[in-house]
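J.: Quick check, what structure comes out for this input:
(one chain, ligands or ions: 1)
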Amino acid sequence: MTLTLNPRAEALVISGIRQFFNQLVDYPDAINLTIGQPDFPTPEAVKRAGMDAIAANKTSYSHNAGLIELRQEVASFFSDSYGLAYDPQTEIIITNGASEALDSVLRTIIEKGDEVIIPAPCYAGYVPLVELNGGKAVLLDISDTGLVPDPKRLEAAITDKTKAVLFNFPSNPTGVSLNKEETEALVKVLKEHEIFVIADEIYSENVFEGEHISFACYSEIKDRTFLVHGLSKSHSMTGWRMGFLLGPERYTKHILKVHMYNTVCASLPSQHAAIEALRNNRFVPDEMNAAYKMRRDYVYGKLVEMGFDVVKPTGAFYIFPSIEKFGMSSFDFATRLLKEGGVAAVPGSAFTEHGEGFLRISYAYAMPTLELAMERIANWLKTVQVTERG
Ligand SMILES: Cc1ncc(COP(=O)(O)O)c(C=O)c1O
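T.: The predicted model follows:
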C-alpha cells in the first residue's frame, strides 16, 4: 500500500544548485564556484557571544518573536542604516534565517490561487515556497531587460489575483542591485495597486557601488511591505539561522502565530550572537565588501576578456554571464565546463526558465581559487565553438 501525500510537496523538485553540487564529488579536482555563502568565518566576537550564551545556560526558548534586546538592535540597525522606523515590540520577528521569514509571510498571506509576481531569474527557493503554500508564481522576465524589472511589464503582469510582488535586490543569482530611479519607477506602479510587497534584502549590506535603496523606505507602500533580512550573508552566519522579518503590526501579529506554531522561536544562542553582530560588529560587511569588490572586478574583467556578455554586478557575490552564444543549454554548458574544464558553476536554468542562457558564478572564494578557475574556463572555452546568433 502506498499512502498518498500532499501533491504540492511531491511536485517539488530538488534545487538545481544542489543537483550540481552533488555532482562535484565525482570531480574532486574541479574548482567549485557554486556556493552562495561568504568564505569568511563568522566574526570572532560574534562566535564568542554565542559560546558565552551556551556556557551561561542561555539555551531555553525565547519570546516567540525573539529576545526583545535583539529586536531593539534590529530596529536600531534599520533606523541608523536606512532611516526606517519599526517598533521592536510589534513589528519585528526574529526567524530561523531569511528562509523562514519568507515562508511565514507567504503562509500568512497566500490564499488558494493567489498570484505572486517574482522578477526572474530568481533565487531558487521562491517558486517552491509560493507553490507549496497554494499560490501561483508569476514570473516577470528580466532576462532581456538588463536583469532589472521593467515597470511596464510589472504593470501588465498585475491582475486581480495578484497578492504580492517579491523582489530580491541585490539579487541572487545576478548580483544586480537597483538604483534609486529604478526602484522609484517600480514603486510608482506598486502604489497604484493594493498588493503586498515582499522585499528580500538579505544582500543589502553587500553593495559595493552606490547605496542600497530599500523598498520599505517608500511611505506610499511601507504599510504593506514586508522586509526580509538576516545575518546569513552580512556576517557570514548561514549556519546560525538568524533571519529578521519587519512589517506593519496588523500583519505581523498574524505572521507571528504562523511562526510560533511552526518553530516556537529562533535558536537562543544564535540570538545572543546576533545581538553582538548588530551592536558591535556592523563594520564587518564593509571588510568583506572590499574583498568582494576586488574579486568582482577581476572576474568581470576576465569574463569580458573571454568574450562573455555580462552585466557588471554591483552587489551580493554572484556574476551572471550570458552563455547564449555558445549554442548550448545552460545545463549542458555547466556540465561540460565541469567535466571537461574542471570548474563547477550553476546553470542559469536553476533559477527558473528565465535563467536559461546564463551561468551563475559565485565569487565568494579566495583570489587564487578565482584565478585558477578563470584560467581553466579560458582554456576550456578554446575548445568550444561559438555559434553566434543573429
Ligand atoms: C535571495 C536569498 N534569500 C534568502 C536566502 C536564505 O537565507 P537564510 O540562509 O538566511 O535562510 C538566500 C540564501 O542563499 C538567498 O540568496
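
J.: If you average the pLDDT over stretch 85-94, what comes out?
T.: Averaged across stretch 85-94, pLDDT comes to 98.

J.: tell me how far it is from the chain's mean position?
T.: How far stretch 85-94 lies from its chain's middle: 22 Å, per CA atoms, centre = their mean, to the nearest Å.

J.: repeat for stretch 167-182
T.: How far stretch 167-182 lies from its chain's middle: 10 Å, per CA atoms, centre = their mean.

J.: Could you check that stretch against the ligand for contacts?
T.: Yes. Contact between stretch 167-182 and the ligand, assessed by CB under 6 Å from any ligand atom, occurs at 168, 172. Yep, even glycine has a C-beta here, placed from its N, CA and C like the rest.

J.: Between the two ends of that stretch, how far is it?
T.: In stretch 167-182, first residue to last residue: 13 Å (CA to CA, to the nearest Å).

J.: Likewise for stretch 76-87?
T.: End-to-end distance of stretch 76-87 (CA to CA): 10 Å.

J.: helix or strand for residue 243, which one?
T.: If you go by DSSP states H and E, residue 243 is part of strand 242-246.

J.: Following element in sequence after that strand, please.
T.: Immediately after strand 242-246, counting by DSSP H and E, sits helix 249-263.

J.: How about the helix or strand that that next one is followed by and the ligand, any contact?
T.: Tracing the chain C-terminally past helix 249-263 and defining elements by DSSP H and E, one meets helix 268-280 next. No. Judged by CB under 6 Å from any ligand atom, helix 268-280 and the ligand are separated, with a smallest distance of 11.1 Å.

J.: Contacts for stretch 269-285, please.
T.: Stretch 269-285 is contacted from outside by 42-43, 45-54, 58-59, 62, 66-67, 69-70, 73-74, 76-77, 94, 205-206, 231, 234-237, 240-242, using CB atoms under 8 Å, 6 or more residues apart in numbering.

J.: re the thing from before, just the C-alphas of the strand holding residue 243, formatted as PDB.
T.: Extracted in PDB, the C-alpha atoms of strand 242-246 (Å, rounded to 0.1, in the frame of the first residue of the first chain):
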ATOM      1  CA  MET A 242      19.300  34.300  12.000                       C
ATOM      2  CA  GLY A 243      16.600  36.000  10.000                       C
ATOM      3  CA  PHE A 244      14.600  39.100  10.500                       C
ATOM      4  CA  LEU A 245      11.100  40.000   9.400                       C
ATOM      5  CA  LEU A 246       9.900  43.600   9.600                       C
END
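
J.: Which other helices and strands does that strand contact?
T.: Applying 3 or more CB pairs under 8 Å, 6 or more residues apart in numbering; DSSP states H and E, one finds that strand 242-246 contacts helix 68-82, strand 92-96, helix 97-109, strand 225-230, helix 249-263, helix 268-280.

J.: how does it look with 6 Å?
T.: On a contact count with 3 or more CB pairs under 6 Å, 6 or more residues apart in numbering; DSSP states H and E, strand 242-246 meets strand 92-96, helix 97-109, strand 225-230.

J.: Just the buried ones out of the contacts of stretch 269-285, please.
T.: 42-43, 46, 49-50, 53, 62, 66-67, 70, 73-74, 77, 94, 205-206, 231, 234-237, 240-242 (16 or more other CB atoms under 10 Å).

J.: Give me the number of neighbouring residues for residue 295.
T.: Residues within reach of residue 295, counting by other CB atoms under 10 Å, total 22.
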